[in-house]
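[1] got a predicted model here, sequence first, then my questions.
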Amino acid sequence: MLISCSNNHPVAASAADTSGAGRKWWKEAVVYQIYPRSFKDDNGDGIGDLKGIISKLDYIKSLGVNVVWLNPIYSSPNDDNGYDISDYRNIMKDFGTMADFDTLLSEMHRRNIRLVMDLVVNHTSDEHPWFQQSRSSRTNPYRNYYHWWNAERGKPTPRWSFFDVNSDAWKYDSLTKAYYLHYFSRKQPDLNWENPTVRREVDDIMKFWLDKGIDGFRMDAFQFVAKDTTWPVFPPGYEKDINRYYGMGPHLHDYLQEMNREVISKYDIMTVAEGAGSTLEDAHALVDPDRHELSMAYSFEGINLGHGSPDYSLLDFKKVYSKWDSAFAEKGWLSIFLANHDQPRMVSHWGNDSPAFRAVSSKMLTTFIMTMRGTPYYYNGDEIGMRNIRFDKIEDYRDIATINKYKEVQHKGGDLKAFLQEQQQTSRDNSRTPFQWDSTTNAGFTTGTPWIEVNPDYTSVNASAQENDPQSILNYFRHAVQLRKDNLVLVYGQYTLLDKDNPDVYAYTREGYGKTMLILLNFRAHPATVGPDVDLSHASLQLNNYPDAPSSDTLRPYEARVYEIMPD
Ligand code: NOJ
């Protein structure tokens, strides 16, 4: 547990601040992601809402986090749980009213918690008035807000869709005898960013929320907004490397620089791009401070390892995180995360969610997130060790991604049993089940019928049971957050990988601000040792995920240790 921590008083950025861009509040932040639909239901309709979040602000504050990222709360027919927006300036009825939002924001700010909102502008809902107008006739002034392909030209160049039942991103609309583009579902038509009016609309939407006082945006699917509208043919199998073909299209950087000039630079906010292209250079270009685009990016290379299964190679994991760290050591900034609403649960993907190891491996993973360079993003529920629900029938699923993929497999006569088995590990619904507050009915999430089943393990896995247990996953999370906040070296310090070829242990140091911290993480269910380049002779233990202090250099299963290296 937390053994000691010392205070770092703010000092001017030094050589330790290897980002070169100086200190920023958003680099020092710990972001807590809230999936509003599943966090807390206040009105008993079975769906989480803003009043529910307001009722839990003291809990959020108690975690020590200082930024909340809220998944979309705007008006939406909910084809993709709010990522299909029909009115960008309104609150989804399920979630409450604008007055609730205003209260939420002011109550967060009163507690020194900042609010980051999703900005979903690669696409709108097909129920958005822009699209309704756009589809109404070929000459409508909104026609050019979206990508259309007139049928007399024949079939459009094939494009793959994430959520379509046929994986086809072009949908024929008989009203005007034309196809429209939708990288995601049919109800999520893609906006045409080549149209400057669309870009001005987006600027205005951003200003609307920023003028209310929000603190930034997480920019959904942003790397996809720019398309090559000569529609070149992609090679067979391109969908397996989709970021390379869909990401970072022509003019993306121009659009971002324009947005930075018109909006971002006028506010003290953070902006984070979902996805960062397919190369380090792509990612770097998004967040190099000299280019005036975004604050930080999150790359998928780490999160995609193992494809949701815990059978990933730790050597690859170390390689990926070390490579990304070194590419951003001098300039630019990244986020660090192991889960979100599009991924399985952190402990089920990266750790071990069996009863024996759920707690200790959750704590170990938390230690990784809180001791790496980059801004930590932590997904709600992971702080209590929530795990995959593993539905066994399609009727239990709510996510369009799983449901439509099931239909596609069925249609093609594929192996549905194998598909369902795989979804137990990978489906996004695994991380979307209601937050487990306590052991009362529905885990204290709702008095109604929850929109998606509650994980039956809530009777033992819940926040209330962990609140007063000093050894709980929840209290370990609080300590790890505090350790990071107390040690700027963990934010900015130089990262060095040790014991590189150790297949079981991830060992590294962070150096700067007059300190050296040594982090040892055993990713295995068995004891593991570290190599000779790990020197514990002057090491003073600061954080450990076992109740009893280590008695040898051998790491226990999933053991995490954070040491400070003391001067001679
Ligand atoms: C990424 C979001 O995180 C995901 O939940 C959503 O389905 C797609 N973008 C489409 O908006």
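    The structure has been received and is ready for your questions. Numbers count the residues shown, from 1 in each chain.
[2] which pLDDT value goes with Asp228?
    Asp228 carries a pLDDT score of 97 in this model.
[3] what of the one 3 residues further on?
    Predicted confidence (pLDDT) at Trp231: the value is 98.
[4] how many neighbouring residues does it have?
    Per other Cβ atoms under 10 Å, the neighbour tally for Trp231 reads 15. No exception for glycine: its C-beta is placed from N, CA and C like everyone else's.
[5] tally of neighbours for the residue nearest to it when sequence neighbours are not counted?
    Once flanking residues are discounted, Trp231 sits nearest to Thr157: 4.1 Å by Cβ to Cβ, 6 or more residues apart in numbering. By the measure other Cβ under 10 Å, the count of residues near Thr157 is 13.
[6] from the ligand, how far off is Thr157?
    Separation of Thr157 from the ligand (Cβ to the nearest ligand atom, to the nearest Å): 22 Å.
[7] okay, and that residue sits in which element?
    Thr157 belongs to no helix or strand when assigned by DSSP states H and E.
[8] ok, it - contacts?
    If you count contacts by Cβ atoms under 8 Å, 6 or more residues apart in numbering, Thr157 has them with 231-233.
[9] isn't Asn140 up against Gln132?
    No - between Asn140 and Gln132 no contact is recorded; they are 9.5 Å apart, counting by Cβ atoms under 8 Å.
[10] so which bits of the top helix by length along the chain are buried?
    Criterion DSSP state H: the longest helix present in the chain is helix 196-212. Neighbour counts using 16 or more other Cβ atoms under 10 Å place 198-199, 201-203, 205-206, 209-210 of helix 196-212 among the buried residues.
[11] how about stretch 357-373?
    By neighbour count on 16+ other Cβ under 10 Å, the buried set for stretch 357-373 is 357-373.
[12] distance check, Ala273 against Lys40.
    Distance of Ala273 to Lys40, given as Cβ to Cβ, to the nearest Å: 29 Å.
[13] pick out whichever of the two has more residues nearby.
    Ala273 (26 against 23).
[14] pLDDT score for the closest residue to the ligand within the stretch 301-450 of the chain?
    Proximity of the stretch 301-450 of the chain to the ligand (Cβ to the nearest ligand atom) peaks at Asp342, 4.7 Å away. For Asp342, the pLDDT comes out at 97.
[15] one more: Gly275?
    On the pLDDT scale, Gly275 is placed at 87.
[16] again, but for Asn8
    37.
[17] then Leu490?
    At Leu490, the model reports a pLDDT of 98.
[18] before we move on, what about the one 4 residues further on?
    Confidence at Gln494, expressed as pLDDT, is 97.
[19] list the beta-bridge partners for it.
    Beta-bridge partners of Gln494, counted by DSSP bridges, are Glu511.
[20] would you confirm that it contacts Arg510?
    Yes - Gln494 is within contact range of Arg510, at 6.9 Å (criterion: Cβ under 8 Å).
[21] which of the two has more neighbours?
    Neighbours per residue, other Cβ under 10 Å: of Gln494 and Arg510, the larger number sits with Arg510, 25 against 18.
[22] any weak-confidence spans in this protein?
    Within the chain, the set of residues satisfying pLDDT under 70 comprises 1-21.
[23] tell me which helix or strand the residue of it found nearest the ligand sits in.
    For the chain, the residue closest to the ligand is Tyr83, as judged by Cβ to the nearest ligand atom, at 3.4 Å. Using DSSP H and E, Tyr83 sits within no helix or strand.
[24] measure Gly351 to Met259 for me?
    Going from Gly351 to Met259 by Cβ to Cβ gives 38 Å.
[25] tell me which of these two has more neighbours.
    Applying other Cβ under 10 Å to Gly351 and Met259 shows that Gly351 carries more neighbours, namely 27 against 24.
[26] just say helix, strand or coil for Arg89.
    Secondary structure state of Arg89, per DSSP: H, G, I helix; E, B strand; the rest coil, is strand.
[27] I figured it was touching Lys207, is that so?
    No - using Cβ under 8 Å, Arg89 is not in contact with Lys207; the gap is 10.8 Å.
[28] now what about the helix or strand harbouring Lys485, what contacts it?
    Of the helices and strands defined by DSSP H and E, Lys485 is found in helix 473-486. When contacts are defined by Cβ under 8 Å, 6+ apart, helix 473-486 is touched by residues 1-2, 5-8, 28, 30, 62-65, 359, 362-363, 366-367, 369-371, 376, 378, 383-385, 463, 466-467, 469, 490-491, 542-543, 545, 562.
[29] please compute how far that helix lies from its chain's middle.
    Relative to its chain's centre, helix 473-486 lies at 19 Å (Cα atoms, centre = their mean, to the nearest Å).
[30] which element follows it toward the C-terminus?
    Following helix 473-486 in sequence order, the next helix or strand is helix 488-492 (DSSP H and E).
[31] coming back round to it: distance of the residue nearest to Trp231 relative to Tyr179?
    Distance, Thr157 to Tyr179, using Cβ to Cβ: 10 Å.
[32] now Arg138
    Counting by Cβ to Cβ, the separation of Arg138 from Tyr179 is 13 Å.
[33] His349 too?
    Distance, His349 to Tyr179, by Cβ to Cβ: 37 Å.
[34] pull out the buried positions in stretch 232-247.
    For stretch 232-247, burial by neighbour count (16+ other Cβ under 10 Å) applies to 234, 239, 242-243, 245-247.
[35] in terms of residue numbering, what are the domains of this protein?
    Per automatic domain parsing, the structural domains of the chain span 19-123+197-480, 129-181.
[36] now, of those, which is deepest in the fold?
    Of these, the one with the most neighbours on average (mean count of other Cβ atoms under 10 Å) is domain 19-123+197-480, at a mean of 19.
[37] kindly report the residues of the chain close to the ligand.
    With Cβ under 6 Å from any ligand atom as the criterion, the chain comes near the ligand at residues 80, 83, 120, 184, 220-221, 274, 341-342.
[38] can you pull the contacts of the spatially most central residue of the chain?
    Nearest to the mean C-alpha position of the chain, by Cα atoms, centre = their mean, lies Asn340 at 4.2 Å. Going by Cβ under 8 Å, 6+ apart, Asn340 touches 33, 377, 379, 431.
[39] surely the second one touches Gln33?
    Right, the one you point to is Tyr377. Yes - at 6.0 Å, Tyr377 counts as touching Gln33 under the criterion of Cβ under 8 Å.
[40] what residues are shared contacts of those two?
    Shared contacts of Tyr377 and Gln33 (Cβ under 8 Å, 6+ apart): 69, 340.
[41] quick revisit: can you show me the CA trace of the helix holding Lys485 as PDB?
    Written as PDB, here are the backbone C-alpha positions of helix 473-486 (Å, rounded to 0.1, in the frame of the first residue of the first chain):
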ATOM      1  CA  ILE A 473      -8.600  -2.100  -5.100                       C
ATOM      2  CA  LEU A 474     -10.500   1.200  -4.700                       C
ATOM      3  CA  ASN A 475      -8.200   2.500  -1.900                       C
ATOM      4  CA  TYR A 476      -5.100   1.300  -3.800                       C
ATOM      5  CA  PHE A 477      -6.300   3.400  -6.800                       C
ATOM      6  CA  ARG A 478      -6.600   6.400  -4.600                       C
ATOM      7  CA  HIS A 479      -3.100   5.900  -3.200                       C
ATOM      8  CA  ALA A 480      -1.700   5.400  -6.700                       C
ATOM      9  CA  VAL A 481      -3.300   8.600  -7.900                       C
ATOM     10  CA  GLN A 482      -2.000  10.500  -4.900                       C
ATOM     11  CA  LEU A 483       1.500   9.200  -5.500                       C
ATOM     12  CA  ARG A 484       1.400  10.500  -9.000                       C
ATOM     13  CA  LYS A 485       0.100  13.900  -7.900                       C
ATOM     14  CA  ASP A 486       2.800  14.100  -5.300                       C
END
